[in-house]
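1. Mind looking at a prediction? Sequence and model below.
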Amino acid sequence: MNPISTLALPPSFTWGVATSSYQIEGAAAEDGRTPSIWDTFCRVPGAVADGDNGDVACDHYHRMPEDVALIKSLGVDAYRFSVAWPRVQPRGRGPVNEAGLAFYDRLTDELLGTGIEPWVTLYHWDLPQELEDAGGWPNRDTAYRFADYAMLVFDKLSDRVSNWTTLNEPWCSAWLGYCVGVHAPGRKDFPAAIAAMHHLLLGHGLATQRMRAAAPREMALGITLNLGTADPATDSPADRDAARRADGMGLRIYLDPLRKGEYPADMVEDLTARGTAIPLQDGDLDIIATPFDVLGVNFYFGQDFSGTDEQGNTHDAEGHPVVHSVPLNLPRTAMNWPITPERFTQLLVRLHRDYPGLPVVVTENGAAFDDAADATGFVADEDRTSYLAEHLAAVAAAREQGADIRGYFAWSLMDNFEWAEGYAKRFGIVHVDYATQVRTPKQSALWYRDTIGRVRGA
Ligand code: FCB
């Protein structure tokens, strides 16, 4: 399966697997952890498929050494995990909770002890509930709380951890959490989402400044964005404008302030037309544009946009222009996401062109399929294996066109709590039997291990 194109990846390329705290840890009320917005959201009737929650998840909190051995068996170089803020700093402010932080200290040592590089994400969506009660990300103070929390983790682990990511996918936190309401905290308030976006970026900048100042040696500091492609469905001016809006809200409104120190003028104009302003204060853009070392890209699929929806409307009920994602006539994953590897190349080449000088690591890429495990728990997931192979080939193709892509992390190490989809959607390259917590590498995991070996010439 595309062995030739993945072989074009250099020996120095970083290969990894990724997870996040709430999706795997469980132990929701242990060692002083307080509820996060996801613990709360899971209790809202109808919010999560099957009423699932992260109370137990993959029970990783109790099975960590065994999981590190599993990671080791996959032959990867690095493991991307996130730290649960409400474990380390219950209630989101005040002193460190040593018992909670000790878990990540042990995890770091366990990884380094087997020769796996830890890649730490400080925020993968589990905001302490008490900070949400105080206004959440739409409240400016949360940015400062985040930087304080980041330093608690950094002070403990920076003697051993060299790769740091501030935020995972601020678009999801802001947009899905505060505007669409399908993710925690489940609010549906457009201006609140815009404020959340700005304060997430501000929190990233504040934390980056403080980590850099305190860094005991050279470190790779970064942020991870979920990025796609936004092409116009047709060449009509309305479709091109819809694609511009989608690209603006999904990509440029994050990367322009981060890299150019300004919000895109057309986005500011669109927001003004909606009567919404970014709550910008003097100096914010300088903080947000603090230099960082690596851009994490999470890619799942690309989209086509139209200015007309399926009913023929060009404006929504509130009079705003329609930005409609037109279903692509392509094979899909179990998430109903189209499989678009060539658009992955397109995205990576475009990032290289529009935001030059920024090394990229693919911090997530992968797919959910309706797996059928055999009696031993093994899954012969040809579909997921193809997905990974095609997307790795897309990375290699982008590199050939000059894009500076340094690594790739498969999402995910193992099946886990897939947010609003609960446990129904399986993204793991390792199968998890939730009744027994037995982990079984799928065919895709074996393929991944063998591919890494081939690239390394093993
Ligand atoms: C990303 C999230 C990750 C996982 C994948 C499928 O948006 O960062 O936690 O849920 O999607």
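-> Perfect, thanks for sending it.

2. So Val161 sits against Asp109, correct?
-> No: the criterion here is CB atoms under 8 Å, and Val161 misses it with Asp109 at 10.7 Å. The way it works is simple: take the backbone N, C-alpha and C, and place the C-beta from them, glycine included.

3. neighbour-wise, which of the two wins?
-> Counted by other CB atoms under 10 Å, Val161 and Asp109 do not tie: Val161 has more neighbours, with 19 against 14.

4. Could you list the residues of the chain in contact with the ligand?
-> Neighbours of the ligand within the chain, by CB under 6 Å from any ligand atom: Ser20, Gln23, Asn168, Glu169, Cys172, Asn226, Asn298, Glu364, Trp411, Glu418, Trp419, Phe427.

5. Which ChimeraX command selects the buried ones in those residues?
-> Buried residues within the residues of the chain next to the ligand, by 16 or more other CB atoms under 10 Å, are selected in ChimeraX with:
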select :20,23,168,169,172,226,298,364,411,418,419,427
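
6. what bits of the stretch 351-458 of the chain have low per-residue confidence?
-> For the stretch 351-458 of the chain, the stretches flagged by pLDDT under 70 are 458.

7. quick one: contacts for the residue nearest to Phe369 when sequence neighbours are not counted?
-> The spatially closest residue to Phe369, leaving aside those adjacent along the chain, is Asp383, at 4.6 Å (CB to CB, 6 or more residues apart in numbering). Asp383 sits next to Thr333, Ala367, Phe369 when contact means CB atoms under 8 Å, 6 or more residues apart in numbering.

8. Let me know the distance separating the last one from Thr385.
-> Distance of Phe369 to Thr385, computed by CB to CB, to the nearest Å: 10 Å.

9. The helix of greatest length in the chain: which residues count as buried?
-> Identified as the longest helix of the chain according to DSSP state H is helix 190-214. Buried residues in helix 190-214, counted by 16+ other CB under 10 Å: 190-211.

10. cool, stretch 380-399 as well?
-> Buried residues in stretch 380-399 (16+ other CB under 10 Å): 381, 383-399.

11. Quick check: Ala69 touching Thr114?
-> Yes: counting by CB under 8 Å, Ala69 touches Thr114, with 7.2 Å between them.

12. Counting neighbours, what do you get for the nearest residue to Met211 once chain neighbours are set aside?
-> Spatial nearest neighbour of Met211, excluding adjacent residues (CB to CB, 6+ apart): Phe154 at 5.1 Å. Around Phe154 sit 22 other residues, with neighbours defined as other CB under 10 Å.

13. Which residues outside whatever helix or strand Phe154 lives in are in contact with it?
-> Per DSSP states H and E, Phe154 falls inside helix 141-157. By CB under 8 Å, 6+ apart, the residues outside helix 141-157 that reach it are 83, 85, 88-89, 92-93, 96, 101, 104-105, 108, 118, 120, 122-123, 127, 131, 134-136, 164, 166, 199-200, 202-203, 206-207, 210-211, 214.

14. contacting residues around Ile223?
-> Per CB under 8 Å, 6+ apart, neighbours of Ile223: Thr165, Thr166, Leu167, Pro170, His204, Thr208, Leu258, Phe292, Leu295, Gly296.

15. Within the helices and strands, which one has it?
-> Using DSSP H and E, Ile223 maps to strand 220-226.

16. in its sheet, what does that strand sit against?
-> Here strand 220-226 has these sheet partners by DSSP bridges: strand 163-168 (parallel), strand 294-298 (parallel).

17. Looking at the ones you listed, spot the one closest to Glu318.
-> The minimum distance between Glu318 and the strands paired with strand 220-226 falls on strand 163-168, with 29.1 Å, by CB to CB.

18. just the strands in the stretch 301-450 of the chain please.
-> Counting by DSSP state E, counting those that start in this stretch, the stretch 301-450 of the chain has these strands, from start to end: 303-306, 324-326, 360-364, 405-411, 430-433, 438-441.

19. helix or strand for Arg87, which one?
-> For Arg87, the element it lies in under DSSP H and E is helix 85-88.

20. Show the average pLDDT along that helix.
-> Throughout helix 85-88, pLDDT has a mean value of 98.

21. Check stretch 26-43 too.
-> Computed over stretch 26-43, the mean pLDDT rounds to 98.

22. Show me what counts as buried in it.
-> 26-28, 33-42.

23. May I see those residues organised as TSV, with secondary structure added?
-> Formatted as TSV, the buried residues of stretch 26-43 follow (DSSP: H, G, I helix; E, B strand; the rest coil):
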residue	secondary structure
Gly26	coil
Ala27	coil
Ala28	coil
Arg33	coil
Thr34	coil
Pro35	coil
Ser36	strand
Ile37	helix
Trp38	helix
Asp39	helix
Thr40	helix
Phe41	helix
Cys42	helix
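
24. which one among these gets closest to the ligand?
-> Using CB to the nearest ligand atom, Trp38 comes nearest to the ligand of these, at 11.0 Å.

25. if I look at that closest one, how far off is Phe417?
-> Distance, Trp38 to Phe417, by CB to CB: 9 Å.
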